[in-house]
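Undergrad: Show me how the following folds:
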Amino acid sequence: MPAPMSEPRSWRVAVVGSGPSAFYTAEALLKADPAVAVDLFDRLPVPFGLVRGGVAPDHQNIKGVVKVYNKIAANPGFRFFGNVRIGRDLQVADLAAHYHQIVYAFGCESDTKLGVAGEELAGVYAATDFVGWYNGHPDHRQHRFDLQEARSVALVGNGNVAMDVARVLLASPDHLAPTDIAGHALATLRTSQVREVILLGRRGPAQAAFSPKEIEEISELPDVDVVVSAADGHVDPLSKAWLEKEGARSQQRNAEFLQAQVALGEGQKPKKLRCRFLVGPTELHGESGRLRSVRVQHMELVADADGTPRPKATGKTEDIRVDLLFKAIGYRGVPCPGVPFDDKKGIVPNVDGRVVEKVGGAVRPGHYTAGWCKRGPTGLIGTNSLDAKATVDAMKADRAAGSMLAPTATDVTTLLRARGIDSVSWADWQRLDAWEVAQGQKVGKLREKLVSIDEMMQRIRALRG
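TA: Residues are numbered from 1 along each chain as shown. Below you'll find the model as predicted:
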């Protein structure tokens, strides 16, 4: 249990979530007024959101951002309340009774559906489930992926999440072994028979959503060829004109890289990443309830009103034989009890970070949102910093105008104790953090994660002494 406040503060803020947007919100608030009290709540006993549960284990340079979050947490106005679920342990009304403002920064925890026939077949998975599984997220530890029976895998989407999934499927397990990958995932990957991953993108090579570094990283794996056919690598005249006028340097680099791969052909390495473009799944076909092929519709690019190339179906279809398919077409928000939700966009409805009761509805005073549940799953980790600052600017303006909640209690620790909630403090997390690192060192890994909430809580209680 976090320590009670030494004295009540005149500006108290609850932040729901503890991923990047939550920490950047805390940072902006603490810079705005050192006397503010910021309490972060997370349903898991551990912080950092997708930095712990989403960033690929072989991308430790990206996970290094937690050093920034650790500095934020060291501020005397900061507290962490892990293992506290809003809607179960505390209600939104409880937060409103203790805080002047509430910020929802709980991200997007579900996946976007394809919406095609056959999506329910065995062998069809959400990339979000696979990512959570290999990262040891408690929600995903029970998943099973039939990698030992599969040789060919389709990946719908070609953003960076798709690239992470492709790299984990194709990389040697020995490449991943020293990281903080979940033990159960590494054991399964060692039995994997996957030799081919096929990326399926609806747009052309000039509009590929992955970053150049991600595709180049896969091409540098010692036993993987990145294969692009002449047809798939072709940049049509419309895209060429668009690239010259509107395209970012990253998109130009992608197009150049993919065209260079065309010249290399099939290559001689045992594993392949095949990059397909201008194809979109329309049906998934199976035998005895298990996926056997994906039917794709070929697309062509046509200019919309402002000249941007958009995919349009040609009517031509193709069946691609695959053993598994992962959907990597985006994360989606999940409703939180007591918090308005825009079901169409999968976010908390808001105007410039101020929560509204419904889309187009009235502002709910004192309630705000930041990060993915504010704007949708877009941008990189650092994008959340500017986003959080914008929300905090709105919070400061409302505070100056006297538009805040009117809490009747000062410290939520009293309520949590009364309800018998064993919340995890930042000191608790630091002890668990050190323990996981020590356990990893014993087996030659950066960290050995605990992957269930029960195991985490048992270890935390033991470490408290």
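Undergrad: now this structure, which segments are flagged as low pLDDT?
TA: Low-confidence segments of the chain, defined by pLDDT under 70: 5-7.
Undergrad: rerun that using 90 as the cut-off
TA: Scanning the chain for pLDDT under 90 picks out 1-10, 107-113, 245-248, 305-308, 329-334, 377-382, 410, 465.
Undergrad: Okay, domains of the chain per the record?
TA: 12-109+333-424, 112-330 (automatic domain parsing).
Undergrad: now the longest one, how far from the centre of its chain.
TA: Think domain 112-330. Centroid displacement of domain 112-330 relative to its chain, using C-alpha atoms, centre = their mean, to the nearest Å, is 17 Å.
Undergrad: so residue 389 is in which element?
TA: Using DSSP states H and E, residue 389 sits in helix 383-400.
Undergrad: Tell me which other helices or strands that helix touches.
TA: Applying 3 or more C-beta pairs under 8 Å, 6 or more residues apart in numbering; DSSP states H and E, one finds that helix 383-400 contacts helix 20-32, strand 101-104, strand 363-369, helix 372-375. Every residue, glycine included, has its C-beta placed from N, CA and C.
Undergrad: What is the helix or strand that comes right after the first one packed up against?
TA: The element immediately downstream of helix 20-32 (helix or strand, assigned by DSSP H and E) is strand 37-41. In this structure, strand 37-41 packs against strand 12-16, helix 20-32, strand 78-81, with contacts taken as 3+ C-beta pairs under 8 Å, 6+ apart.
Undergrad: Could you list the paired strands of strand 37-41 along with their orientation?
TA: strand 12-16 (parallel), strand 78-81 (parallel) (DSSP bridges).
Undergrad: Which one, of the helices and strands packed on helix 383-400, ends up nearest to residue 282?
TA: Set against residue 282 and scored by C-beta to C-beta, these come closest in helix 372-375, at 28.7 Å.
Undergrad: which outside residues touch that closest one?
TA: The contact list for helix 372-375, computed with C-beta atoms under 8 Å, 6 or more residues apart in numbering, reads 17, 21, 104-108, 331, 333, 347-348, 350, 353, 378, 384, 387, 391.
Undergrad: ok now it, how far from the chain's centre?
TA: Offset of helix 372-375 from its chain centre (C-alpha atoms, centre = their mean): 12 Å.
Undergrad: quick one: buried residues of that helix?
TA: 372, 373, 374, 375 (16 or more other C-beta atoms under 10 Å).
Undergrad: Ok, stretch 301-312 next?
TA: Those would be 301, 309, 311, for stretch 301-312 by 16+ other C-beta under 10 Å.
Undergrad: I'd like the secondary structure assignment at the last one, please.
TA: Spelled out, it's residue 311. strand (DSSP: H, G, I helix; E, B strand; the rest coil).
Undergrad: ok, it to residue 279 distance?
TA: 9 Å (C-beta to C-beta, to the nearest Å).
Undergrad: now swap in residue 257 and tell me
TA: Taking C-beta to C-beta as the measure, residue 257 falls 19 Å from residue 279.
Undergrad: the more surrounded of the two?
TA: It is residue 279, of residue 257 and residue 279, that has more neighbours when counted by other C-beta atoms under 10 Å, with 25 against 19.
Undergrad: Go ahead and confirm that one touches residue 296.
TA: Yes - counting by C-beta atoms under 8 Å, residue 279 does reach residue 296; the two are 4.0 Å apart.
Undergrad: residues shared between the contacts of those two?
TA: With C-beta under 8 Å, 6+ apart, residue 279 and residue 296 have common neighbours 200, 318.
Undergrad: could you list every residue that touches residue 185?
TA: Counted by C-beta under 8 Å, 6+ apart, residue 185 has contacts 133, 134, 135, 136.
Undergrad: For the stretch 101-250 of the chain, just list every one of the helices.
TA: With DSSP state H, counting those that start in this stretch as the criterion, the stretch 101-250 of the chain has helices at 127-134, 160-170, 173-176, 183-189, 212-219, 230-233, 237-245, 249-264.
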